[in-house]
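1. structure here, sequence nowhere to be found:
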């Protein structure tokens, strides 16, 4: 993550669905001051940082550690066959996830469950979600139902009804009145760790 503590605060705020004004009110500071912090034009004092950590429910050490971490792109060492074996030739490239998925426009969600396995989305994967309030039919979305329950499903709107469709033959689509479903973002990528 780049941009210092302000960028970290902005990303955490956005991932929790808070507006600048909402977070500023919870921190008991003026929203323009929070805007300056998020844009790197002002540095928060220790008291503000403590309140940010408390309100956003993160440890202060984690908050500060995220801001201080240096970005290093991944190295892509070459290609590997998933079918017939091929010559092992090293061809080093670099791959910086933050250049592909802007942290200001995206957030991560840890997948829990197997409702999307036929789309290759497994329990434990990190879903890379682009902030969005609308979706096209067929897109996989992070959606909140009744402002309480969050789910990752394929999206389809049929008039005044939203259908959230699992990618698992053992599960049935869920139908809701459109007003009960809020789209939070659209799936744009996955990160999978095979060894846990």
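-> Alright, I've got the coordinates. This is a predicted model, so every value here is computed, not measured.
2. can you confirm residue 107 is in a helix?
-> No - if the criterion is DSSP: H, G, I helix; E, B strand; the rest coil, then residue 107 is strand and not within a helix.
3. neighbours around it, how many?
-> By the criterion of other C-beta atoms under 10 Å, residue 107 has 21 neighbours. Yep, even glycine has a C-beta here, placed from its N, CA and C like the rest.
4. my guess is it meets residue 129, correct?
-> Yes - between residue 107 and residue 129 there is a contact under C-beta atoms under 8 Å: 5.5 Å.
5. overlap in contacts of those two?
-> In terms of C-beta atoms under 8 Å, 6 or more residues apart in numbering, residue 107 and residue 129 are both contacted by the residues residue 185.
6. separation between the most centrally placed residue in the chain and residue 14?
-> Centroid check for the chain by C-alpha atoms, centre = their mean gives residue 107 as the closest residue, at 1.8 Å. Remark: distance between residue 107 and residue 14 (C-beta to C-beta, to the nearest Å) = 7 Å.
7. and the protein, what are its domains?
-> The chain is divided into the following domains under automatic domain parsing: 4-68, 106-191.
8. mind listing the shared neighbours of residue 107 and residue 14?
-> Joint contacts of residue 107 and residue 14 (C-beta under 8 Å, 6+ apart) are residue 131.
9. for residue 136, what are its contacts?
-> residue 155.
10. helix/strand/coil for it?
-> Relying on three-state DSSP, one would call residue 136 coil.
11. now it: how far from residue 172?
-> 22 Å.
12. got phi/psi on residue 43?
-> phi -100, psi 130 (degrees, to the nearest 10).
13. with residue 154 instead?
-> phi -70, psi 140.
14. leaving aside the residues adjacent along the chain, what's closest to it?
-> residue 165 (4.0 Å; C-beta to C-beta, 6 or more residues apart in numbering).
15. I'd guessed that neighbour sits against residue 172; true?
-> No - using C-beta under 8 Å, residue 165 makes no contact with residue 172, being 9.1 Å away.
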